[in-house]
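Undergrad: Next comes the sequence, and after it the predicted model I'd like to discuss.
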Amino acid sequence: MTFNRLQIRNYRLFLILAFIGAAEVLFCLLLLDPFLSSSANHDPEPFGASYHFITISYTSQRRLGNLLFQFATMMALAHQNNLLPILEKTIPLTQYFDLQVRLINDVEQYAPWRIFHERYPAKYDSGVERLPQNQDHMLVGFYQSWKYFQDSDQIIRDRLKFKEPIAQAAVRFLQYNKTDNDRQIHIGVHVRRGDILTARDIIDKGYTTPDEGYYLKAMDHFRQKFHSVQFIVVSDSSEWSQQYLSAPDVRFSLRNSPGVDLAILSMCDHVIMSVGTFGWWGAWLAGGTTIYFDLWPKKFTPLDRMTSIGDVFPESWIPMH
């Protein structure tokens, strides 16, 4: 078969037009999805097709528990306001969790952010209920209240899946310390002392931490409630914990990373927490009965004035001292 010059010219023109058409389609796709080149995690956009965003502002000094409160609040507000949650790629949470949230190189420069700053770090701020849906929002603050995400419980739990190596390490620890009683109840115990006892600025703000009497009382509460229990202690003061809390039904997590310790607490049936956001999240993720220290913060201190106990601790949690 032979082709004349006109047929060849038409065929070349067809190829050129096809190439231009394909390029236009690709260009449109890039415009429609601004994340194609900047996102590490492509989630299914469960909050709708809106391209207004919500994110958080944080510093390198923020610890794991603090970041979790910010993350949970962001996810809840994203769900409530049809916003897309995005995070800085370098946020430490990605070391521990498969968040399934879009990660961006430079969040602060990514959008014309409308800043929302909470009034108090440990009081619920109802101002979050009035976020305009046609703007991009950056949350600044601590947001340490369960009320921010009380209606998005399952959404938060679905996103806070520990990375496989961390989850496996926690499972191995629990299996290693397992007894022959398959019906034994595991009680996580978080002991935080360290900086609260030594840092003058923290003490002056009103931070307190329980002594051994609180832990022993809380442990006896569970011993009386359940026939067979095993206590798993995670602590920043291992020597103190072993000195004062040792018993035949107590095991200690030693030399594990913060991520593994948090995963261990989350896999327990119930939790005894000391003070601070790390123990709070261990208890919340576990989802069972929680006992908390009710002499925090110290009365008539700066921290006391910035805290509402009912906003920090759910009503079902048990106060004790």
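TA: Cool, got the structure.

Undergrad: Which secondary structure elements does the strand or helix carrying Thr55 sit against?
TA: Element membership for Thr55 (DSSP states H and E) is strand 53-57. Packing partners of strand 53-57 (3 or more C-beta pairs under 8 Å, 6 or more residues apart in numbering; DSSP states H and E): helix 64-81, strand 84-88, strand 137-140. Yep, even glycine has a C-beta here, placed from its N, CA and C like the rest.

Undergrad: In CSV, list the C-alpha atoms belonging to the longest one.
TA: Looking back up the chat, that one is helix 64-81. C-alpha atoms of helix 64-81 as CSV (Å, rounded to 0.1, in the frame of the first residue of the first chain):
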residue,chain,number,x,y,z
LEU,A,64,4.3,13.7,70.7
GLY,A,65,1.2,14.2,72.9
ASN,A,66,1.0,17.9,72.1
LEU,A,67,1.1,17.2,68.4
LEU,A,68,-1.6,14.6,68.7
PHE,A,69,-4.0,17.1,70.2
GLN,A,70,-3.3,19.5,67.3
PHE,A,71,-3.7,16.8,64.7
ALA,A,72,-6.9,15.5,66.2
THR,A,73,-8.4,19.0,66.3
MET,A,74,-7.3,19.6,62.7
MET,A,75,-8.9,16.4,61.5
ALA,A,76,-12.2,17.0,63.3
LEU,A,77,-12.5,20.6,61.9
ALA,A,78,-11.6,19.4,58.4
HIS,A,79,-14.4,16.9,58.6
GLN,A,80,-16.9,19.4,60.0
ASN,A,81,-16.1,22.2,57.5
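
Undergrad: Just give the number of residues close to the nearest residue to Thr209 once chain neighbours are set aside.
TA: Nearest non-adjacent residue to Thr209, counting by C-beta to C-beta, 6 or more residues apart in numbering: Ile196, 4.4 Å away. Residues lying near Ile196 (other C-beta atoms under 10 Å) number 18.

Undergrad: what's the answer for Ile291, then?
TA: Ile291 has 23 neighbours, counted by other C-beta under 10 Å.

Undergrad: Quick check: neighbours of the helix or strand where it lies in the sheet, parallel or antiparallel?
TA: Counting by DSSP H and E, the element that carries Ile291 is strand 290-293. Within its sheet, strand 290-293 is paired with strand 270-272 (parallel), strand 318-320 (parallel), according to DSSP bridges.

Undergrad: Report the separation between Phe71 and Ile56.
TA: From Phe71 across to Ile56, the span is 7 Å (C-beta to C-beta, to the nearest Å).

Undergrad: Find the residues that touch each one of the two.
TA: Leu87 (C-beta atoms under 8 Å, 6 or more residues apart in numbering).

Undergrad: Run through the residues that contact the residue most central in space within the chain.
TA: In the chain, the residue lying closest to the centroid (C-alpha atoms, centre = their mean) is Leu68, at 2.7 Å. The contact partners of Leu68, by C-beta under 8 Å, 6+ apart, come to 93, 160, 277, 281.

Undergrad: Got the confidence number for it?
TA: pLDDT for Leu68: 98.

Undergrad: Could you do Gly21 as well?
TA: pLDDT, read off for Gly21, is 55.

Undergrad: Surely Leu139 touches Ile56?
TA: Yes - taking contacts as C-beta atoms under 8 Å, Leu139 lies within contact range of Ile56: 4.8 Å.

Undergrad: would you put the C-alpha positions of stretch 222-236 in PDB?
TA: C-alpha atoms of stretch 222-236 as PDB (Å, rounded to 0.1, in the frame of the first residue of the first chain):
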ATOM      1  CA  PHE A 222      -8.100  -2.400  89.300                       C
ATOM      2  CA  ARG A 223      -7.000  -5.400  91.400                       C
ATOM      3  CA  GLN A 224     -10.300  -5.200  93.300                       C
ATOM      4  CA  LYS A 225     -12.300  -4.800  90.100                       C
ATOM      5  CA  PHE A 226     -10.800  -7.600  88.000                       C
ATOM      6  CA  HIS A 227      -9.800 -11.200  89.000                       C
ATOM      7  CA  SER A 228      -6.500 -11.200  87.200                       C
ATOM      8  CA  VAL A 229      -4.500  -8.100  86.100                       C
ATOM      9  CA  GLN A 230      -1.100  -7.300  84.800                       C
ATOM     10  CA  PHE A 231       0.300  -3.700  85.000                       C
ATOM     11  CA  ILE A 232       2.500  -2.400  82.300                       C
ATOM     12  CA  VAL A 233       4.500   0.600  83.500                       C
ATOM     13  CA  VAL A 234       6.000   3.100  81.000                       C
ATOM     14  CA  SER A 235       8.000   5.900  82.500                       C
ATOM     15  CA  ASP A 236      10.600   8.600  82.100                       C
END
